[in-house]
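Q: give the three-dimensional model of this entry:
(2 chains)
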Amino acid sequence: MSRHAKLALVVALVALAALPWIGEAYALRLGTVACMYAVLAVSWNVIGGMAGYPSFATAAFFGLGAYTGGVLLSKGTPLALAIGAAGSVAFAVAMLLGWVLLRLRGHYFAIASLAVAEVLRELTNSATDLTGGGMGLNIPLDLGSGNVADEATFFFLAMWALLLVAVLVVFAVERSRLGFGLACIRQNEAAADMIGVNATLYKALAFALSGLFVAMAGTLYAGWVHYIEPPDVYDVLFSVKPIVMVLLGGLGSTVGAVIGAFVFLGIEEFVWSNWLQVHSGVLGFLIVALLLFLPHGLISIRHRLRRAPDAAPAGMIREASHG
Amino acid sequence: MAELLRLESVSRRFGGLHALDDVTLSIGAGEVLGLIGPNGAGKTTLVNVITGVHRASSGRVVFEGRDITRLRPYQTARAGLARTFQVVQPFPELSVLDNVRAAALFSANSAMREAQRVAEEQLAFVGLGEFASMPAANLTLAMRKRLELAKALAMRPKLLFLDEVNAGLNSAEIEQAMALIRRIADSGVTIVLIEHLMKVVLSVSSRVVVLHNGALIADGPPAQVVSDPHVVEAYLGKKYAQRAMEAAQ
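A: Predicted coordinates for the structure are as follows:
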């Protein structure tokens, strides 16, 4: 990814902070969801795009973060502390799970990671004393102002700040030894092993990073909506949507992941408001069409405009040859 | 000659198959050891067991006096063992330079800038300097083999396994490869050369061992080993071995 694209993204994100002063309630709600989606997509891209392991564990981390943070918030813990705790728990859990699960590859890993959310959902359901179980969990978060508009602004800015931090951290990872090692692992894990990359550690770190910010977003979500229940925060769509967003934006690209998340939300809202009865079907159709005709994502449009149409950008060769 | 690597009764079974059967072998520092044997003899398995890709079912692997039997591949790589693969294994999306840079970086825990310098040096050594910025996927087979070699050398190995580096090359390319191997050996790296081409083995190796059905059947100077009746039998069958014996007498 070129440095210009990264810089442009950061500038655009910083500009987005002006939204509370120019948009009304609907725009603010949409902006909060957009930032949350982008956090999920950027995070998934670390394990799915950079390391090449198709994880379906995003919902697990989201739910884990929502409940860890939610329970703490309901007991009166300050929001910042609850977010930090949720992030740490998710990071540690992902590290341990990753050490075991990342021995599986391809579809096998995908299926195993899918099961994590189900297990956590059952655990949350049965730990009634702590989580409220199927009754759900009320989070009476008092921000002190009591003003609905102020609260909406606060949660938008919090989600926005989380996205900015996530993007900057992932940019740093891309440039680091870890990012280089993950690129090697994705392209040829046996060869990466052979040159001295500690693949088990690197993959577990990637998985943990992909859980960290998602869990933090989960806590913010819990505080924002004031009420969570297991089917809501462990929803499998939280696992599937980030993958679609990243594919939409361009696999392996952080800038693409953010663009993909925003565009996905835009399409989702548009389809939902125009075809209420069949919106899921139309959304699915649009996504399939986009992926078919733009397999390298929106980010590849740049390359298409600049080069001959058959010259795929260097980063896309593997996807092209492996379907 | 100081001993660099020692295998003590190393065996490796895959189910009922004895891929390696009680192999005991010592490799001295500075040797160029030719490892030959018919297809399926267990040559690549032997390399895999030593480098930790497969774990020995029984026996011990000792490198520089240290037991490395249970080490994982990335750990043996950092200990000083490098290999090239029979089927070349580049990182296709990375540039040629980055391929080598990765090898220098992760094997030695060196700084990014140092890795860059080592990578450029090794690329120049194998003659790929001018292709540094090209994606590895675009190289020809002969160039990919040289890239493998550059990657292995960038790891600053003490022991280097060259697994069929000449397979699929034409005779001019083989000449170039042999010259490279000799220069690597001259620089003090101990080499285990796995090779089908007898011409290469005989001209480069200081000692040859023969693997057949997972067991070592001969060990000695190249000329002596290739005339060993057991070796001839392993390659060409009993009848031919007898005839060769009679002819020699």
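Q: only C-alpha atoms for contact and neighbour calcs from this point on.
A: Will do.
Q: stretch B:129-139 and chain A, any residue contact?
A: Yes: using C-alpha under 8 Å from any C-alpha of the partner chain, stretch B:129-139 reaches chain A at B:P135.
Q: looking at chain A, what residue ends up closest to chain B?
A: Distances between chain A and chain B by C-alpha to the nearest C-alpha are smallest at A:G196, namely 3.8 Å.
Q: please identify the helix or strand for the closest residue to that residue other than its chain neighbours.
A: Closest residue to A:G196 apart from its sequence neighbours, by C-alpha to C-alpha, 6 or more residues apart in numbering or on different chains: B:Y74 at 3.8 Å. Applying DSSP states H and E as the criterion places B:Y74 in helix B:73-79.
Q: for A:H303, same thing?
A: helix A:300-306.
Q: now that helix: buried residues?
A: Neighbour counts over helix A:300-306 (16 or more other C-alpha atoms under 10 Å in any protein chain shown) mark A:S300 as buried.
Q: export that helix to CSV, keeping only CA atoms.
A: Extracted in CSV, the C-alpha atoms of helix A:300-306 (Å, rounded to 0.1, in the frame of the first residue of the first chain):
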residue,chain,number,x,y,z
SER,A,300,-7.7,-2.0,-7.1
ILE,A,301,-9.7,0.6,-9.1
ARG,A,302,-6.7,2.9,-8.6
HIS,A,303,-4.4,0.4,-10.3
ARG,A,304,-6.9,-0.3,-13.0
LEU,A,305,-7.0,3.4,-13.9
ARG,A,306,-3.3,3.8,-13.8
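Q: do that helix and chain B meet at all?
A: No: Helix A:300-306 stays clear of chain B (C-alpha under 8 Å from any C-alpha), getting no nearer than 15.7 Å.
Q: and that helix, what does it pack against?
A: Judged by 3 or more C-alpha pairs under 8 Å, 6 or more residues apart in numbering or on different chains; DSSP states H and E, helix A:300-306 is in contact with no other helix or strand.
Q: all helices for chain B, in order.
A: B:43-51, B:73-79, B:96-108, B:112-126, B:141-154, B:171-186, B:198-204, B:222-226, B:229-236, B:238-248 (DSSP state H).
Q: pLDDT on the fifth one, on average?
A: In other words, helix B:141-154. Mean per-residue pLDDT for helix B:141-154: 91.
Q: what do you get for stretch A:60-76?
A: 95.
Q: buried set for it?
A: Buried residues in stretch A:60-76 (16+ other C-alpha under 10 Å): A:60-74.
Q: just the buried residues of stretch B:45-57, please?
A: B:45-57.
Q: out of these, which comes closest to A:F56?
A: Minimum distance to A:F56 across those is 28.7 Å, recorded for B:V53 (C-alpha to C-alpha).
Q: would you confirm that that closest one contacts B:R70?
A: No: B:V53 is beyond contact range of B:R70, at 10.0 Å (criterion: C-alpha atoms under 8 Å).
Q: residues from chain B in reach of chain A?
A: For chain B, the contact set with chain A under C-alpha under 8 Å from any C-alpha comprises B:73-78, B:82-83, B:89-93, B:102-104, B:106-108, B:135, B:151-152, B:155.
Q: residues contacting A:V11?
A: For A:V11, the contact set (C-alpha atoms under 8 Å, 6 or more residues apart in numbering or on different chains) is empty.
Q: give me the pLDDT for it.
A: A:V11 carries a pLDDT value of 87.
Q: do the same with the one 4 residues further on
A: With respect to pLDDT, A:A15 scores 84.
Q: now it: which helix or strand?
A: Secondary structure from DSSP H and E places A:A15 in helix A:3-16.
Q: ok, A:L72 next?
A: If you go by DSSP H and E, A:L72 is part of helix A:58-74.
Q: residue contacts, the residue in chain B that chain A sits nearest to?
A: Residue of chain B nearest chain A, by C-alpha to the nearest C-alpha: B:Y74 (3.8 Å). Residues near B:Y74 by C-alpha under 8 Å, 6+ apart: A:D193, A:M194, A:I195, A:G196, A:V197, A:N198, B:S107.
Q: look up which residues are beta-bridged to the most centrally placed residue in chain B.
A: A centroid search over chain B (C-alpha atoms, centre = their mean) returns B:F161, at 2.2 Å, as the residue closest to the centre. Beta-bridge partners for B:F161, by DSSP bridges, are B:R83, B:V192.
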